[in-house]
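A.B. asks: Mind folding the following:
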Amino acid sequence: MASRFTITATSNVSWLTIGSISKNGLSQTINYEVIGNPNSSVREGVITLTNGFQTFTYVVTQGEVESVTVSSSLVFNNESRDNNITNVVSNASWSATSSVSWITLSSFSGTGNGSIQFDIEENTDQQNDRSGNITVETVSGYSQVISVTQSQGASEIEFVDEQVVDSDAATGLSFEIESDIGWTATTSTSWITTSHSSGIMVTMCLFCNRKY
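C.D. replies: Numbers count the residues shown, from 1 in each chain. Down below sits the predicted model:
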């Protein structure tokens, strides 16, 4: 500001403070500082300048704090699934990254409100669920994490579901069970008894308890 008189400056808000005022000929420089805006909306402060005869105002506009809102968790079954979409609500530019190889992001950045598109590979582990994260971060470093959980792989058991025998007592009858998980065998009647192992075969004894 140019003036041959000494200038004084005041602020109308606490987050805007006046520093030093230096003079070089008719030119005077007013230094000021602002505190970071913790709010989700733009705010304004006014610096009032006076030289004793005239008054001027200088408006300082400070942008809102960067924010991101996403779903905190997503749950999927074990099957592969493409073109999944989750929404992002933000007032800033953002980008997303995946923490695991089985989550592939195909659309992962934007400005303001937008969405993330991603694919999930099949979980072939029949024993364990698995989890990974999608992290959404603004340019200033503010971030939110989406926890992604996928259930364990599908289990399969194959066997002949019906067997016909004659009326005589019989021992040593058997059928094969093919399975990718552990299993146990039980009977629904007293005249069928079983002895089973943890392998792929169960041996069944029919009519062992029958008396003649």
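A.B. asks: Quick one: residues contacting Ser14.
C.D. replies: Contacts for Ser14 (Cβ atoms under 8 Å, 6 or more residues apart in numbering) come out as Ile35. Just so you know, the C-beta spots here come from the backbone N, C-alpha and C atoms, and that holds for glycine as well.
A.B. asks: Where does it sit: helix, strand or coil?
C.D. replies: Secondary structure state of Ser14, per DSSP: H, G, I helix; E, B strand; the rest coil, is coil.
A.B. asks: Show me what the strand or helix carrying Glu137 is packed up against.
C.D. replies: In this assignment (DSSP states H and E), Glu137 forms part of strand 130-138. Where contact means 3 or more Cβ pairs under 8 Å, 6 or more residues apart in numbering; DSSP states H and E, strand 130-138 is packed against strand 68-69, strand 81-90, strand 93-98, strand 103-107, strand 114-120, strand 143-150.
A.B. asks: which stretch among those strands comes nearest Gln28?
C.D. replies: With Cβ to Cβ as the measure, strand 93-98 is the member of the helices and strands packed on strand 130-138 nearest Gln28 (37.3 Å).
A.B. asks: Mind listing residues that contact the closest one?
C.D. replies: Here strand 93-98 has contacts from 68, 88, 104-105, 108-111, 114, 116, 118, 132-139, using Cβ under 8 Å, 6+ apart.
A.B. asks: go on, stretch 108-122?
C.D. replies: Here stretch 108-122 makes contact (Cβ under 8 Å, 6+ apart) with 76, 78-98, 102-107, 134, 136, 148, 150, 153.
A.B. asks: Tell me where the model's unsure across this structure.
C.D. replies: 1-5, 154-183, 195-212 (pLDDT under 70).
A.B. asks: Tell me how it divides into domains.
C.D. replies: Taking automatic domain parsing as the criterion, the chain consists of the domains 8-62, 68-150, 157-206.
A.B. asks: Which residue, other than its chain neighbours, is closest to the residue nearest the centre of the chain?
C.D. replies: Residue closest to the average C-alpha location in the chain (Cα atoms, centre = their mean): Ile146, at 1.0 Å. Closest residue to Ile146 apart from its sequence neighbours, by Cβ to Cβ, 6 or more residues apart in numbering: Ile134 at 4.3 Å.
A.B. asks: Confirm for me that that neighbour is in contact with Gln144.
C.D. replies: No. Assessed by Cβ atoms under 8 Å, Ile134 is found out of contact with Gln144, at 9.4 Å.
A.B. asks: The two - which one has more neighbours?
C.D. replies: Under the criterion of other Cβ atoms under 10 Å, the comparison of Ile134 against Gln144 puts Ile134 first, with 23 against 20.
A.B. asks: roughly how far apart are that one and Gly114?
C.D. replies: Applying Cβ to Cβ, to the nearest Å, the value for Ile134 to Gly114 is 13 Å.
A.B. asks: ok, for Gly19, nearest residue in space, not its chain neighbours?
C.D. replies: Excluding the flanking residues, the one nearest Gly19 by Cβ to Cβ, 6+ apart is Asn31, at 3.7 Å.
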